[in-house]
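Q: What follows is a predicted structure for the sequence shown.
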Amino acid sequence: MNVQQAREWIVQSSLAATGALILFFLLTPIHGFPVEFEEALRLMGTVVPVFVGYLGAAIHRLFARAPRTVVLERNHGRMLNLLVKGPVMLYGLGMAALIASFWYSNRSTTEVGGMTIDALGLGVTALVSLQAGTTGALVMYLFAAEARQ
């Protein structure tokens, strides 16, 4: 993976994640998912800004007057590929597992108490932290632009 491919992958995955998360959190309360609209919107407000921030960095890069050149050593392309795609995949898998656990543990047929909305929120925050810490660091380099003089 080269630098331009990494930038494009971050933009594409951020657009996909933003759209999917917005749809999920807006539609689940009306489709039997055990969460109120206010709770869904609060969770959406926790996760969506991270991906919107990546998109904002990409827009800044597009219109910067003097973009900084990012040099990547030849043997670092595979590592860049892992660091760009890995956190997004972990985030996706983690969110799927967390949401499935919340839904399953809160079914009407569940005998023991289910996962609380606060516990779901903590899990979402942990996953967002993983995403922001890893992809956020990459975005600083991949979409960086020099200050205007």
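A: Great, that's in hand. Residues are numbered from 1 along each chain as shown.

Q: Show me what stretch 18-31 is in contact with.
A: Contact with stretch 18-31 is made by 35-37, 40-41, 43-44, 47-48, 51-52, 55, 99, as judged by C-beta atoms under 8 Å, 6 or more residues apart in numbering. Glycine gets a C-beta too; all of them are placed from N, C-alpha and C.

Q: Mind checking which of these are in helices?
A: 37, 40, 41, 43, 44, 47, 48, 51, 52, 55, 99 (DSSP state H).

Q: Could you export the residues you listed as CSV, including neighbour count and pLDDT?
A: Output for those, formatted as CSV (neighbours: other C-beta atoms under 10 Å; pLDDT from 0 to 100):
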residue, neighbour count, pLDDT
37, 12, 88
40, 19, 89
41, 14, 90
43, 23, 89
44, 18, 90
47, 23, 88
48, 17, 89
51, 26, 87
52, 14, 88
55, 16, 86
99, 18, 90
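
Q: which two in these are spaced the farthest apart?
A: By the measure C-beta to C-beta, 37 and 55 form the most distant pair in the ones in helices among the contacts of stretch 18-31, at 25.3 Å.

Q: where are the low-confidence patches of the protein?
A: 64-73, 145-149 (pLDDT under 70).

Q: Distance to residue 118 for the contacts of stretch 18-31 - can I get that in a markdown table?
A: Compiled in a markdown table, the contacts of stretch 18-31 are given as follows (distance: C-beta to C-beta, whole Å):
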| residue | distance to residue 118 |
| --- | --- |
| 35 | 12 |
| 36 | 13 |
| 37 | 17 |
| 40 | 14 |
| 41 | 15 |
| 43 | 11 |
| 44 | 16 |
| 47 | 16 |
| 48 | 19 |
| 51 | 23 |
| 52 | 24 |
| 55 | 29 |
| 99 | 15 |
